[in-house]
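> Sequence below, structure please.
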Amino acid sequence: KVADIASWVGLGWSLNAGGVVSRTIRGRADDLSDGYLTGHGNTLPKLDSDPNVLGYWDIPGDVTFRNYYLQMVADGKWDTEPDIYFFSFNGRSGKFFFDVDGKVVLFSKEDLLITPLLSPYGKIDAWKIIDENGTIYQFGYSEATEITFPSTVLGAIGERAASSWYLQSMTSANAEDRFDFEYSDYTQTVRYPLPQKKISGESPKWDDLYQYSSQYIEGKILKSITGAGEEVDFNTISYGGYIGGNIMALALMDIHNSAGQHAKSFNFNYSFFPETGCGTIQDYLPPCRRLRLDKVTEKAGSGNRTKPPCMFMYDDTPLPPRGSFSQDYWGYYNGAENEFFVPAVTIRNYSSYDEMPTGPEQNGPFPFDVLSQINLNLTGLKATQWEIPGADRNPDPVKMQAGILKKIVYPNGGSTHFDYEPNDFGYLAYHPRPDQLVFDSYASSSIGLPVQNTRNFHIQEAQEITFIPLFYIMKGSQKDHLRSEEHTSELQSH
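Have a look, this model is predicted:
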């Protein structure tokens, strides 16, 4: 995608080595002051509460405190929403969150014991995860924790918060095997565009076009893995400079055996993807140049010759700057000469419900111009169509392949070619079901006397109304017992 940033092994590639627990912060970080764990998560109802209680839950305290509570939450000063945590290690991955009691809740059913290790001040210093085999994985502490600082255009620094805790050690259940992971430090500033808005049909104002948020990162990058007498070293190289820091890449992976001898190594060679528009006004989200992995060469131990490289070929369509407005709805390059992101919109009003488009009868391709329009059924207005001008965000099947992997050539001379095509649009479209109002009435006495309930509702326009009485017997009531006795008698009679 246009806004993607290259990893330390090139754009679109990742190296799975070690592991990490990371998080998406929602509101404030859970472990900051007045965060979900440290302040206000425990004021919320529990997930396993009685549904009847949960439905009538209210903020504790008087009206004045309730209003204050809601204002503090709205201002982002109090946090009532748990962060989402993600883990990835040893070929497995998943996510979890904290409940109102501060207990870890996994999204999937896995035999993992996940324990946060807190500092005296309640900050999450590290994590300990034990799998079903008893293997212990420890993440974090200062040597392996990545910290981020949110900042503004003016450079103001926000609160420090841990964003990632990297795998520090793996220990077998019997403690006979252990692997340790060491990391190097780096710093980087990453910019992300802010959403644009359109008011009263006018284009976004000039000042709104190039606004962005920044994250200052005190990061960690893998340096070595040691265990069982063997060692793997990761050596990096820095390419040029740009706003926010240098472009760091993995240059060499060296492997030494238990005897300390050089076993093999892997060399990583890079260049940069062709680009267009670097240095223009839309180049406000550096880096404009994206690192490209060209080949990986395996070299055996001392005295042995180098194997032919594994080479990678890509589509040579130039990539625009990360801040380019030439993006489709999904963020891929479309080559359109847009001046902002807000898309053009078509709004159609149908004076009769029967005139509205019904869509296809089953899943299948559907014209995007119809799929993206807004259909209204305002009977008080005549049939009208409004065209609100804006950016061209339609996908381009050729331009969207800019920088995409096209071919891999292997050391043995074989190769793999990749052909791509964009997705079609389709969806299930039927006449929507009419609005339904369900009124509940039940007998409150043990002898089943009827109770009369009155409900008021507003019919907005002339239409056919159908009343359908639904009868049911409440479990445990006198009727329920009588029905059970009758059913038992029928079974005995047969």
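
> The helix or strand hosting Ser163: partners in the sheet, and parallel or antiparallel?
According to DSSP states H and E, Ser163 maps onto strand 161-171. According to DSSP bridges, strand 161-171 has the following sheet partners: strand 19-24 (antiparallel), strand 136-140 (antiparallel), strand 145-151 (antiparallel), strand 178-193 (antiparallel).

> which of those strands is buried the deepest?
Stretch with highest mean neighbour count among the strands paired with strand 161-171: strand 136-140 (a mean of 21; mean count of other CB atoms under 10 Å). The C-beta positions use only the backbone N, C-alpha and C, and glycine is treated the same way.

> And what about Gly39, helix, strand or coil?
Of the three states, Gly39 takes helix under DSSP: H, G, I helix; E, B strand; the rest coil.

> mind listing what it touches?
33, 78-79 (CB atoms under 8 Å, 6 or more residues apart in numbering).

> While we're on it, how confident is the model there?
For Gly39, the pLDDT comes out at 71.

> Val153 now?
The per-residue pLDDT of Val153 was computed as 56.

> same check, this time on the one 4 residues further on
pLDDT, Ile157: 64.

> same thing with Leu482?
Leu482 is assigned 55 on the pLDDT scale.

> same deal with Gln215?
For Gln215, the model assigns a pLDDT of 85.

> in the stretch 251-400 of the chain, which ranges drop under the pLDDT threshold?
Applying pLDDT under 70 to the stretch 251-400 of the chain flags the ranges 303-304, 357-372.

> any idea where the strands of it begin and end?
262-272, 291-300, 310-314, 345-349, 374-376, 384-388 (DSSP state E, counting those that start in this stretch).

> Count residues in the vicinity of Trp8, would you?
Using other CB atoms under 10 Å, Trp8 is surrounded by 20 other residues.

> circling back: name the member of the contacts of Gly39 with the most neighbours.
Neighbour count (other CB under 10 Å) singles out Asp79 as the most crowded of the contacts of Gly39, with 25 neighbours.

> so it touches Asp31, yeah?
No. Using CB atoms under 8 Å, Asp79 makes no contact with Asp31, being 10.1 Å away.

> I'd like the distance between Glu159 and Gly102.
Computed as CB to CB, to the nearest Å, the Glu159 to Gly102 distance reads 20 Å.

> Between those two, point out the one with more neighbours.
Here Glu159 and Gly102 are set side by side on neighbour count (other CB under 10 Å), and the busier one is Gly102, at 15 against 12.

> any idea how far Tyr36 is from the more buried one?
Looking at Gly102 against Tyr36, where the rule is CB to CB, the gap reads 9 Å.

> now do Val21
17 Å.

> got a list of what Gly91 touches?
When contacts are counted by CB under 8 Å, 6+ apart, Gly91 is found next to no other residue.

> related to what we said a few turns ago, could I get the strands of the stretch 251-400 of the chain as JSON lines with distance to Phe98 and mean neighbour count?
Written out in JSON lines, the entries for the strands of the stretch 251-400 of the chain read as follows (distance: least, CB to CB, whole Å; neighbours: other CB atoms under 10 Å):
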{"stretch": "strand 262-272", "distance to Phe98": "39", "mean neighbour count": "17"}
{"stretch": "strand 291-300", "distance to Phe98": "37", "mean neighbour count": "17"}
{"stretch": "strand 310-314", "distance to Phe98": "41", "mean neighbour count": "17"}
{"stretch": "strand 345-349", "distance to Phe98": "40", "mean neighbour count": "16"}
{"stretch": "strand 374-376", "distance to Phe98": "39", "mean neighbour count": "12"}
{"stretch": "strand 384-388", "distance to Phe98": "43", "mean neighbour count": "12"}
